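Student: Sharing a model prediction with you, sequence too.
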Amino acid sequence: MNRKQLLSKFASRKRCLVTGGAGFLGSHLCERLLAMGHEVLCVDNFFTGSRVNIAHLLDNPRFEVMRHDITFPLYVEVDEIYNLACPASPVHYQHDPVQTTKVSVVGAINMLGLAKRTGAKIFQASTSEVYGDPTVHPQTEEYRGNVNPIGPRACYDEGKRCAETLFFDYHRQNGVNIRVVRIFNTYGPRMHPADGRVVSNFIIQALAGEPITLYGDGSQTRAFCFVDDLIEGFIRLMNAPDEVTGPINIGNPVETTVLELAERVLKLTGSNSRIEFKPLPVDDPMQRCPDISRARSLLDWQPRVPLDEGLGRTIRYFQEVIGNPAVATPA
Ligand code: NAD
Ligand code: UDP
Ligand code: UDP
């Protein structure tokens, strides 16, 4: 490498903070940012994340891990902040709902305060849950949602909605450079085996030959995005021109019923598990599918990994976890 190339490599190297970096999405993001040549500071309180998810990154001299709860202030010097810290599955975010609202709201205030002081660009992992149980289908970013503010999902939905409000107020009031992504159901290797999400539950049940727990009649829909596609969307949004603040939907617009998902998992695993119908949880959205026109036009992004391929890769991951419990991520 000549001197010019070396200098340009250092000029484009950024100090990136990833909160929730030891979690499912965060660990894939840390990996991707390191591969791009950046320095990564992973901040996590290990509530649902695990060291195992980032063990393969620890030898990289550009990677650093800090145990810290972002509901407390954090003083570090960085160029970019990816704010992912928050339990994401209904089982985990309902475990301590007050803490879920705190991490969403107080955590966002601290990270926005950090961005304001350092001038760092800041990215918020928001969610399709801001649309609640939607009455508009598929969901565009203009849709304002149908959220029950006092139900069991509200700590997450309303916490994330308030975080979006804070992002746009820090942007308007303090000129903070923001990026807000609304993530739709994502799956892939390093999903937490005990997070109760439909993809992890069905795969683990199918591999163990246990009944597949189908809530309701299985006619409710979701659209499942493979993790690699999602991370590509994150990177494109963070590197888009400054006026592209979002909110922007990132997800796979191929809608599937939960019953179809169960059938696909059974087929791909070759399992003989039977389907067991269970009651539908309170406030469980009946239909969810992103309109990704904005991501297509502003980021030239769309998902590439078909469901069967992504499920195959996730099944192989869970086979490894079951075969070698050291790979699993205990709560
Ligand atoms: P995850 O539970 O695997 O990761 C969340 C991480 O945040 C974990 O490592 C956890 O230990 C950490 N964390 C939680 N509270 C913290 C705190 N107070 N301080 C520091 N760290 C804390 O979940 P995920 O699926 O990787 O989700 C990452 C982000 O993406 C979340 O903000 C979530 O709301 C959002 N999201 C995910 C999905 C999805 O389908 N996976 C969908 C919509 C939104
Ligand atoms: N904050 C932080 N790191 C920083 C700067 C601020 O954690 O580098 C926290 C700080 O504790 C404060 C919050 O971010 O509670 C919001 O900061 P801001 O400057 O917006 O508000 P103020 O300090 O004026 O209340
Ligand atoms: N679900 C199911 N069986 C399970 C876990 C979930 O039928 O073992 C259903 C759940 O009721 C919901 C859908 O699958 O309708 C997606 O659930 P998940 O918790 O993965 O995500 P979210 O509801 O947050 O979209």
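Tutor: It's in. Numbering: from 1, shown residues only. Ligands and ions are numbered 1, 2, ... in the order given.
Student: Contact residues of this structure facing ligand 3?
Tutor: Taking Cβ under 6 Å from any ligand atom, the part of the chain that reaches ligand 3 is made up of 89-90, 185, 196-198, 201, 213-215, 220, 222, 258, 280-281, 284. C-beta here means a position set from N, CA and C on the backbone, and glycine is covered the same way.
Student: among those residues, which are in strands?
Tutor: Members of those lying in strands (criterion: DSSP state E): 213-215, 222.
Student: Among the residues you listed, find the one with the greatest number of neighbours, please.
Tutor: Ranked by the number of neighbours (other Cβ atoms under 10 Å), those place R222 first, at 23 neighbours.
Student: ok, what's across the strand from that residue?
Tutor: T256 (DSSP bridges).
Student: give me every residue that touches it.
Tutor: By Cβ atoms under 8 Å, 6 or more residues apart in numbering, the contact set of R222 is 184-185, 198, 255-256, 258, 261, 288-289.
Student: Make a markdown table out of those and add distance to ligand 1, neighbour count and pLDDT.
Tutor: As requested, the contacts of R222 are exported to a markdown table (distance: Cβ to the nearest ligand atom, whole Å; neighbours: other Cβ atoms under 10 Å; pLDDT from 0 to 100):
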| residue | distance to ligand 1 | neighbour count | pLDDT |
| --- | --- | --- | --- |
| F184 | 7 | 24 | 97 |
| N185 | 5 | 19 | 97 |
| V198 | 10 | 21 | 97 |
| E255 | 15 | 16 | 96 |
| T256 | 14 | 17 | 96 |
| V258 | 15 | 20 | 98 |
| L261 | 14 | 22 | 98 |
| R288 | 11 | 22 | 93 |
| C289 | 14 | 22 | 95 |
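Student: would you list the ones in strands among the residues of the chain next to ligand 3 in CSV and tack on pLDDT?
Tutor: Below are those laid out as CSV (pLDDT from 0 to 100):
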residue, pLDDT
T213, 98
L214, 98
Y215, 97
R222, 95
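Student: with the residues you listed in mind, which one is nearest to S50?
Tutor: Nearest to S50 among those, counting by Cβ to Cβ, is T213 at 24.1 Å.
Student: bridging residues for that closest one?
Tutor: E276.
Student: was I right about it contacting N201?
Tutor: Yes: with contact defined as Cβ atoms under 8 Å, T213 and N201 form a contacting pair (6.3 Å).
Student: Now do whatever residue of the stretch 1-150 of the chain ends up closest to ligand 2 against N83, distance only.
Tutor: Closest contact between the stretch 1-150 of the chain and ligand 2, by Cβ to the nearest ligand atom, is at G113 (2.0 Å). Counting by Cβ to Cβ, to the nearest Å, the gap from G113 to N83 is 12 Å.
Student: Give me the more crowded residue out of those two.
Tutor: Higher neighbour count among G113 and N83: N83, with 29 against 16, using other Cβ under 10 Å.
Student: so what's that one up against?
Tutor: 19-20, 70, 107-108, 111, 122-125.
Student: Equivalent analysis for A55, please.
Tutor: Contacts of A55 by Cβ under 8 Å, 6+ apart: none found.
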